[in-house]
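**Student:** model the following, please.
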Amino acid sequence: MKKTILFPTLLFCAFFQLSAQENSKKPQELREVTITKTKKAVEQRADRTIFDFANQPSLSSGSVLEGLKKLPGLIASDIAGMMYQGKQLDVYMDGRPLNISSNELNGFLEGMPANAIERIEIVTQPGAEFPATSGGAILNIITNKNAKNFLSATYTNSTNVTTYDQLRWRVNNSVLLNAKNKYFGWQLNMGQNYRESAMWSSFVNDIIGGTRLLSTTDSDRTNRTNFIKSAVTFDLKKDRLLLNYDVNYNNNGSDTQSNGPGFSTQDASNSKGWRQDAVATYQKRFEDKTKKLDFKFNFNRNQNDFVLNSLGVALPVLDNSSDQKFYNFKFDYSQPIAFSDEGKISFGSLHEGLSFQTQNRGVTNLDYQRKTTAGYFELQTKFKSMSFILGGRAEDYSISGKANNTDLTPFKQFRFFPNASAQYNFNKSVFFNVNYNKKITLPSTSALNPNNTSYQNPTISNQGNPNLQPTIYDNYEVKLSAYDYAFIGYSVSSAKNQVIQRVNLNSNVVTNTNENISELKVHNFNIGMPIPYMLFTKGLAETMKMNVNPDEMNFLFVYAAYQLHQIPAIETKGFWVYNVMSQIVLPSKIKFVTNFSYITAKGNYYYFIANKPFNNTVDLSLSKKFLKDQLSISINADDIFNSNRFVFNSYNTSLLLSNKMDSRRFGFSINYKIPTKNKLARETPILLNKDKKEETGIIGN
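**Tutor:** Next up, the predicted model:
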């Protein structure tokens, strides 16, 4: 392992040294300057990594979940949730937490087309202004677009077909309308997604002397999703009032053939969900434009119904529902400080509440209540090449409820969460930073839900755990970054009372649930390095002299990470994560992108051991812009070798879990911007939930 890590480290150091030398050269006088603003495919910042989705056809051709799985360092699975560089992710949308996780989260992201996404921000070091409940890291899905001073419209379509055993179609359409004048602006984004898919799963009892099949399932699924995102903003002299309302409706069905010892069933399930989200934001502005005060109120409601019927059975096998209501009120204030360059102080307060009720056949079996009150203070300062962030957040929790008329274990605590960061800037493009923060994660309502909301048969049972307790994290990270694309880093996340998924075997019945474990440490070493293809033709010295945009050049991006999950009393093994992305600009400016992902076998992924490599895919895409960039067309082929599958052992059991999706797909997508006569129209800030934190690259909380 040491030799494996040593070579990429030396390569990174050589790149860093040559980059520093190049920046130290004296600037030459320019006779003519042309400024063009170009979005970066990947942008590294001190506390986050930003991925551009809107202009990357290789990411935006399918669903949001399919695009996320292609991001280097991100692991998304039904078994252990979503992680980025070893950190469990809390998922936000447009700066607001989704408050869903596990299978519900994957289902939501599967039903949302990736071409409705502007960018993805992964905040690896959330500061004090973020809720302490953000846990290890935050994945923020930004769906916002820019508004212009005239009516504009954009139509997007993506059509794909999978070919594993038969043709299955996936089609989505969306329209974005927006306009703005000197008094107010409005924006409307609406669309639909139709998705056919298949999944083959098996549970095998791998005992000494042979194996015993416990369950096989063959599922054909049809997902239908419709969404509307709307926004209105009013300019009140210097102040602004923003109103947002989003609604998402899904109607998903599945036909499943299941077999096991002594049974064979034909089942049909249906899941319906309504998600509504309303936000009102008032932004107070001052003569000093660097001083800001924002007030925000957010109300969210998420309703779900799940019914499972079996052929030959009169009554539904499962008839479960849930209703979640969430509200949040907060204010944030920031102003510069006089004794430091680019320094500022920020403080704010938050109060939020959540109620969650579940029903089984119309009878309430969980009534969960949670309230949080918080305040924070953060200082950012800079002295020459050094930047510092020091902050703290105090939060008071009150959690209570009943499950089947039995009181839940209450959680009433007041806690303080510090954070600190130091960064040294070698130049404008190369920096080294050290971070620490303490966070907490409250159990997601989907993990608390005692009802089965996915599937079951006589040998498979899925259920939540209403008595899960919060998890406390201590997160440490060191990182060296250069020119957005190159980085090397090490992080460790130490969690107390970690919530994990467990699959156990009891009398030939497979039980899938969640539980707390006393301690978990996740170590993650990662390195990313762009390698321009011209390096092989022109040499390193000539390549470093070139002043080119990486998004328009031919290059190979190599990402590698080694991750180790340490669990008390268990001897665990680490695993390697690899991602290789090749970009070649062909004649006529046709962009050809190849993406290869691979995670090695035999490593411990929480309480699961990978029996075979997973996330093993090769994806291809060709894209080109026409009509002065108003029309974009891309062709994609994902998992061309049909090699992506999950095969895991469940620790301390003889269970072997296997899962295969119809992941090989072929398709195309188009994006057409309706032309306008006003070519000089000025772009204005984002309408949907635009606030001070987006101006500085920090999402809201």
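
**Student:** can you name every helix or strand that the helix or strand harbouring Phe666 contacts?
**Tutor:** Using DSSP states H and E, Phe666 sits in strand 665-673. Packed against strand 665-673, as judged by 3 or more Cβ pairs under 8 Å, 6 or more residues apart in numbering; DSSP states H and E, are the following elements: strand 152-162, strand 631-638. Placement of C-beta: from N, CA and C, glycine included.

**Student:** make TSV out of those and add mean pLDDT.
**Tutor:** Output for the helices and strands packed on strand 665-673, formatted as TSV (pLDDT from 0 to 100):
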stretch	mean pLDDT
strand 152-162	90
strand 631-638	92
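
**Student:** buried residues in the strand holding Phe666, which are they?
**Tutor:** Using 16 or more other Cβ atoms under 10 Å as the test for burial, strand 665-673 gives 665, 667-669, 671-673.

**Student:** and it, which strands flank it?
**Tutor:** strand 152-162 (antiparallel), strand 631-638 (antiparallel) (DSSP bridges).

**Student:** residues in contact with it?
**Tutor:** Residues outside strand 665-673 that contact it (Cβ atoms under 8 Å, 6 or more residues apart in numbering) are 57, 60-62, 115, 152-163, 170, 630-639.

**Student:** just the buried residues of those.
**Tutor:** Burial by neighbour count, 16+ other Cβ under 10 Å: within the contacts of strand 665-673 this picks out 57, 60-62, 115, 152, 154, 156-160, 162, 170, 632, 634, 636-639.

**Student:** beta-bridge partners for the residue nearest to Ile228 when sequence neighbours are not counted, please?
**Tutor:** Leaving aside its chain neighbours, Ile228 sits nearest to Met190 (4.6 Å; criterion: Cβ to Cβ, 6 or more residues apart in numbering). Counting by DSSP bridges, Met190 forms beta bridges with Val175, Ile228.

**Student:** state the distance from Met190 to Asn178.
**Tutor:** Separation of Met190 from Asn178 (Cβ to Cβ, to the nearest Å) stands at 12 Å.

**Student:** same check on Ile590?
**Tutor:** Going from Ile590 to Asn178 by Cβ to Cβ gives 30 Å.

**Student:** neighbour count: these two, which is higher?
**Tutor:** Asn178 (22 against 12; other Cβ atoms under 10 Å).

**Student:** in this structure the more buried one contacts Lys229, no?
**Tutor:** No: with contact defined as Cβ atoms under 8 Å, Asn178 does not reach Lys229; the gap is 11.0 Å.

**Student:** now do the shared contacts for those two.
**Tutor:** Common neighbours of Asn178 and Lys229 (criterion: Cβ under 8 Å, 6+ apart): 187-188.

**Student:** ok, Gly260 - contacts?
**Tutor:** Counted by Cβ under 8 Å, 6+ apart, Gly260 has contacts 213-216, 457-459.

**Student:** same check on Thr653?
**Tutor:** Contacts of Thr653 (Cβ under 8 Å, 6+ apart): 503-505.

**Student:** among the residues you listed, which one has the most neighbours?
**Tutor:** Val503 (21 neighbours).

**Student:** what segments of the stretch 501-650 of the chain are strands?
**Tutor:** Ranges of strands in the stretch 501-650 of the chain, per DSSP state E, counting those that start in this stretch, are 509-532, 555-566, 575-586, 590-599, 604-605, 608-610, 614-626, 631-638, 645-650.
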